[in-house]
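Chemist: what would the 3D arrangement of this be:
(chains A and B)
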Number of protein chains: 2
Amino acid sequence: MPVKFSTRDPDFEARFQALLGAKREVQEDLNNAVAAILADVRARGDAAVLDYTRRWDRLDLTPEGMVVGDAEVEAAVARCDARTLDALKLAADRIEAFHRRQAVENNFYTDAAGVRLGARWTPVGAVGLYVPGGTASYPSSVLMNAIPAKVAGVPRIAMVVPTPDGVVNPLVLAAAKLSGVTEIYRIGGAQAVAALAYGTATISPVDKITGPGNAFVAAAKRQVFGTVGIDMIAGPSEILVVADGANDPAWIAADLLSQAEHDTSAQSILVTDDAGFADAVAAAVDAHLARLPRARIAEESWRTHGAIILVGAMDEAVALVDRIAPEHLELAVADPDGLAGRVRNAGAIFLGRHTPEAIGDYVAGPNHVLPTARSARFSSGLNVLDFMKRTTLVGCSPDSLAAIGPAAVALAEAEGLGAHALSVAIRLANRTA
Amino acid sequence: MPVKFSTRDPDFEARFQALLGAKREVQEDLNNAVAAILADVRARGDAAVLDYTRRWDRLDLTPEGMVVGDAEVEAAVARCDARTLDALKLAADRIEAFHRRQAVENNFYTDAAGVRLGARWTPVGAVGLYVPGGTASYPSSVLMNAIPAKVAGVPRIAMVVPTPDGVVNPLVLAAAKLSGVTEIYRIGGAQAVAALAYGTATISPVDKITGPGNAFVAAAKRQVFGTVGIDMIAGPSEILVVADGANDPAWIAADLLSQAEHDTSAQSILVTDDAGFADAVAAAVDAHLARLPRARIAEESWRTHGAIILVGAMDEAVALVDRIAPEHLELAVADPDGLAGRVRNAGAIFLGRHTPEAIGDYVAGPNHVLPTARSARFSSGLNVLDFMKRTTLVGCSPDSLAAIGPAAVALAEAEGLGAHALSVAIRLANRTA
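Modeler: Take a look at the predicted model:
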């Protein structure tokens, strides 16, 4: 049922471009509604947040009641299944270990002209982490957003999570505790984004907001961008599996479905050089679907957005991968490292037949917040640097200013910027006087 | 004429917040006009670009005529003043040397569980550099945008620069040549942004667009964001000078004016512990203004947005700096390094009495594209990493998947994602069978 075509088809380029250009998401225009909520929270603070929470989460809170305290977190952790909690701890440890390798170094030096130069990284002062409520409330997302901020050294990590009808996901609170979240508020939607961006009497403003959310949250993040930093606004998830005929079709079918089950807008693409294998995978997808809890979603995604692309030889896959620039790239081939070395554009690469993409969603260590919709051409997955910023430093002595200052004066004059030239020349004049 | 207040004033906090919250920019809403131009270029390609160029730049070009060829660049370089050209070369060399220190390393390792992990940086494939025409056509901006891309290893750097009535700035072409630009087109405005983002018959599409521009260009960049990456949309320039009474007031006045002359929306702030010095600086500003070519702009900026803040002791300056998070911070004090070490939020810091900010605009080496409007709280100046992206890699063997896979299955099941669990479990089952 997904589209199927070959690089040998005479109309291949047209079909491939249609696949690349297909819009998978219907964007609701919520901008006016969201702007009104943001303005209301900015003006009325806590009172506005509580009003929206009463209306949409059917929850009547006081300002203090927004805060999820330590005792409540401890109680939630105690309610979690022990095996799941162990798995969460393993995931947190592995994610932290991987992200610690992203540490950056400051760099200070004096160059040949005697100019002191430097670049210094500092953590963002306060980060807000949005966590969706209901069925999309994923503890793994808490780990993936909070741990890089913790590793960066962010002193304050404030989490917001809506709890419609008061229902809390205890694993989300356990994940928050494991990953260094310092404050938790039981609010959500555009009103929670506004509270984080502008601050209220109860919630101090943050400098940057990250984390996934529904269309209201995405629109709110776009609108507060500038007042605070935001992470990327993620599109629907995608996987591209490059697999030869030596794979078990049932394994590859499971991998394709692990993206498809996220969302009816998700996209799973198989690239293979073996037409018989492609048919076997398609059959295995149907067989799995009969037994999966989210079969309805996965089937609609696979039918509507799935694709099978036949290549004459695996070498052809590299160019296709770079044009698709997939969020997730699985290389289920004999020499995955060789193929990976030639790929330029992918958010994350999963090497070999024993590395299903789902291992990276939870426990491998790298971040699962990755660039979608071809943006791996120019952007990266969430990482420690997203929670730091760089300040450059310059220090001139009278001598080093004399060495490089005349060039600055010449360029400022060429650009017609007289005060720029003056600010250098007035110091040079003083020295030679 | 600028506002002046002291941390000792009873209404200090209110006045400081008013200063922080003041809007300095009037945002024109050009979104509909720009959307129409983008759609037209997307549909009609070169023909649309040429139509807009005819209308707004009064320039009748053929598709081939958009291209600025090597011979034209060489001829422009030959027309440049030799002293200015030498200064431009010095600047390019120093900027390149500083940015080469930003090189990042790939990181591949196998962890204790036997999982192969990695992070790999690759350059963006193609970058578009927007350079404004007319009086805002600054060769220094070409260096600051193109050199980091060149250092990153970007193979294709396409520059667009409008040439109203056919007038080219030869120094801009000289800067392009010095900094590794690979293609130049004499087009500008939203139509040039569209050509870079979507491609035309003459211009191949790029992956990321950087560089300053007018309100049309800024709106176009916002709208093509997602299709391509963009750099920050810069606000009006700012400087915060922290200066004690031991400075020459005329030097500090020149530094304040070097920002003010950029734009009537620019902002210059002096923080000092010496009221008499503050008055002397204000007087020196007026004296300089009588002699500066851009006095009208500088004076309006200083009068409308300038500020003098008196502190009881220089230690108080640190907290003010972090709240203002200035684009440029000048520390004209006896121990600038000590003060700089305590500041968290600033785009670039200029250390000591002999380091006017303008030295950083041209020849110091660090980038002059810096975060404005308090965004230094969460973002950094343009750098090599802005032209690279990171791909993470994971490789499991049957054994290492057996070690960490069960935790992934447990978490996928806890999140209700059956195909995620299946894709791991199906491989584990095979092994133990």
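
Chemist: quick one: which helix or strand includes the closest residue to residue A:268 other than its chain neighbours?
Modeler: Excluding the flanking residues, the one nearest residue A:268 by CB to CB, 6 or more residues apart in numbering or on different chains is residue A:256, at 3.9 Å. (C-beta placed from N, C-alpha, C; glycine too.) For residue A:256, the enclosing helix or strand under DSSP states H and E is helix A:249-260.

Chemist: average pLDDT for that helix?
Modeler: If you average the pLDDT over helix A:249-260, you get 98.

Chemist: check stretch A:142-158 too.
Modeler: Here the average pLDDT along stretch A:142-158 is 98.

Chemist: stretch A:164-171 now?
Modeler: 93.

Chemist: domain map for chain A?
Modeler: A:3-25+A:235-364, A:31-230, A:396-432 (automatic domain parsing).

Chemist: how about the shortest one: buried residues?
Modeler: Burial within domain A:396-432, assessed by neighbour count using 16 or more other CB atoms under 10 Å in any protein chain shown, is assigned to A:396-398, A:400-415, A:417-428.

Chemist: okay, the strand or helix carrying residue A:318 in PDB with CA atoms only?
Modeler: Element membership for residue A:318, per DSSP H and E: helix A:315-324. Extracted in PDB, the C-alpha atoms of helix A:315-324 (Å, rounded to 0.1, in the frame of the first residue of the first chain):
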ATOM      1  CA  ASP A 315      25.800   2.700  -3.700                       C
ATOM      2  CA  GLU A 316      22.900   4.500  -5.100                       C
ATOM      3  CA  ALA A 317      21.400   4.800  -1.600                       C
ATOM      4  CA  VAL A 318      23.900   7.400  -0.500                       C
ATOM      5  CA  ALA A 319      22.600  10.100  -2.800                       C
ATOM      6  CA  LEU A 320      19.000   9.300  -1.900                       C
ATOM      7  CA  VAL A 321      19.800   9.500   1.900                       C
ATOM      8  CA  ASP A 322      21.500  12.900   1.500                       C
ATOM      9  CA  ARG A 323      18.500  14.300  -0.400                       C
ATOM     10  CA  ILE A 324      16.000  12.900   2.100                       C
END
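
Chemist: contacts made by that helix with the rest, please.
Modeler: The contact list for helix A:315-324, computed with CB atoms under 8 Å, 6 or more residues apart in numbering or on different chains, reads A:7, A:16, A:20, A:240, A:242, A:269, A:271, A:309, A:311, A:329, A:339, A:342-346, A:374, B:125.

Chemist: which ones are touching residue A:261?
Modeler: So residue A:261 contacts A:292, A:294, A:297-298, A:301, B:417-420 (CB under 8 Å, 6+ apart).

Chemist: right, I mislabeled it, should have said residue A:60
Modeler: Residue A:60 neighbours (CB under 8 Å, 6+ apart): residue A:54.

Chemist: phi and psi next, for the residue nearest to the spatial centre of chain A.
Modeler: Centroid check for chain A by CA atoms, centre = their mean gives residue A:369 as the closest residue, at 3.3 Å. The phi/psi pair for residue A:369 (degrees, to the nearest 10) reads phi -90, psi 110.

Chemist: now do the strands in the stretch 51-200 of chain A.
Modeler: Applying DSSP state E, counting those that start in this stretch to the stretch 51-200 of chain A gives strands spanning A:107-110, A:116-123, A:126-130, A:156-160, A:183-185.

Chemist: I'd like those strands written out as JSON lines, with distance to chain B and mean neighbour count added.
Modeler: Shown next, in JSON lines, are those (distance: least, CB to the nearest CB, whole Å; neighbours: other CB atoms under 10 Å in any protein chain shown):
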{"stretch": "strand A:107-110", "distance to chain B": "6", "mean neighbour count": "13"}
{"stretch": "strand A:116-123", "distance to chain B": "5", "mean neighbour count": "20"}
{"stretch": "strand A:126-130", "distance to chain B": "9", "mean neighbour count": "28"}
{"stretch": "strand A:156-160", "distance to chain B": "12", "mean neighbour count": "24"}
{"stretch": "strand A:183-185", "distance to chain B": "18", "mean neighbour count": "23"}
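
Chemist: sounds good, over and out.
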